[in-house]
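Asks: Next comes the sequence, and after it the predicted model I'd like to discuss.
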Amino acid sequence: MRRPVLAFLTAALIGAGASAAARAEEIVLPQKHWSFEGIFGTYDRAAVQRGFQVYKEICSACHSMNLVHYRDLQAIGFSEDQVKQIAASVQVTDGPNDAGEMFERPGKPSDPFKAPFPNENAARAANNGALPPDLSLMYKARKGGADYTYGILTGYGEPPAGATVAEGMNYDKYFPGHQIAMPPPLSDGAVTYADGTKATVDQMAFDVSNFLAWTAEPKLEARHLIGVKTVLFLIVLTALLYGVKRKIWAAVH
């Protein structure tokens with residue numbers, strides 16, 4: 001009987017040690033206030049528009065957004081003419097034409113965001129074998145949501161003493177394992193905001209995190225509104241039913 005008990009205790013101690021090590025390695029992301037959180041949350045249109053600019057001028061060089069169309073930008077405050085101009089600023093492959101050939105044309109609002117690479121192999125070849133993920137649903141795909149993307153973009157720095165970073169990798173204190181293939185994408189003044197906002201790394205990381213939240217949850221505000229209306233309806237209905245019940249049963253008392 002002693003051997004099974006001893007084996008059980010040994011396994012339990014090993015498991016406890018592994019759990020403690022995992023907790024010790026748990027990364028605490030920076031906590032930011034996001035306007036879209038909570039049942040009354042809404043998107044900060046100015047921040048989302050600035051975030052689109054950061055994506056367009058910086059992130060789109062490597063990361064696709066295959067699930068987002070240019071026409072969707074009207075939902076964050078861009079006019080129809082602005083959307084047409086944004087779409088027409090890129091050349092997309094279309095066809096075949098009457099001759100059976102593919103051709104290039106200016107983008108249209110109905111087009112999805114232009115991908116930086118024609119296929120995954122081309123993307124890997126341009127990034128030392130690493131595949132830049134599509135960002136359409138990144139907000140929902142990573143635990144921590146907007147805090148995760150903000151943390152990754154602001155977490156670059158020199159590795160602490162004793163830490164080893166593999167060749168071709170970069171140290172990021174908020175990335176799991178602390179080694180990331182993507183070089184720091186942001187630097188102060190990398191973009192010039194039309195509204196005059198100072199483009200610091202923190203500001204750009206905050207803005208593009210807002211944009212990524214919107215691309216992953218474009219119907220969030222509508223859902224919040226439906227939820228609030230439903231709760232108000234149930235409150236009124238409960239009050240009416242209570243009043244009817246009191247009236248019907250009043251004679252019994």
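Replies: Cool, the structure landed.

Asks: Could you check stretch 36-54 and say which residues are buried?
Replies: Buried residues in stretch 36-54, counted by 16 or more other C-beta atoms under 10 Å: 36, 43-44, 47-54. To be clear about C-beta, it is placed using only N, CA and C from the backbone, and glycine gets the same treatment.

Asks: Widest-spaced pair of those?
Replies: F36 and Q53 (18.7 Å; C-beta to C-beta).

Asks: residue boundaries of the helices in the stretch 1-150 of the chain?
Replies: With helices called from DSSP state H, counting those that start in this stretch, the stretch 1-150 of the chain shows them at 2-25, 45-57, 80-88, 120-126, 138-141, 146-154.

Asks: Now do the contacts for the residue lying closest to Q31 once chain neighbours are set aside.
Replies: Spatially, and ignoring its direct neighbours in sequence, Q31 is nearest to D147 (6.1 Å; C-beta to C-beta, 6 or more residues apart in numbering). Contacts for D147 (C-beta atoms under 8 Å, 6 or more residues apart in numbering) come out as 29-32, 209.

Asks: quick one: which two of those are the most distant?
Replies: Spatially, the most separated pair among these is Q31 and S209, at 12.4 Å (C-beta to C-beta).

Asks: higher neighbour count, these two?
Replies: S209 (28 against 10; other C-beta atoms under 10 Å).

Asks: hang on, that one is in a helix, isn't it?
Replies: Yes: residue state for S209 (DSSP: H, G, I helix; E, B strand; the rest coil) corresponds to a helix.
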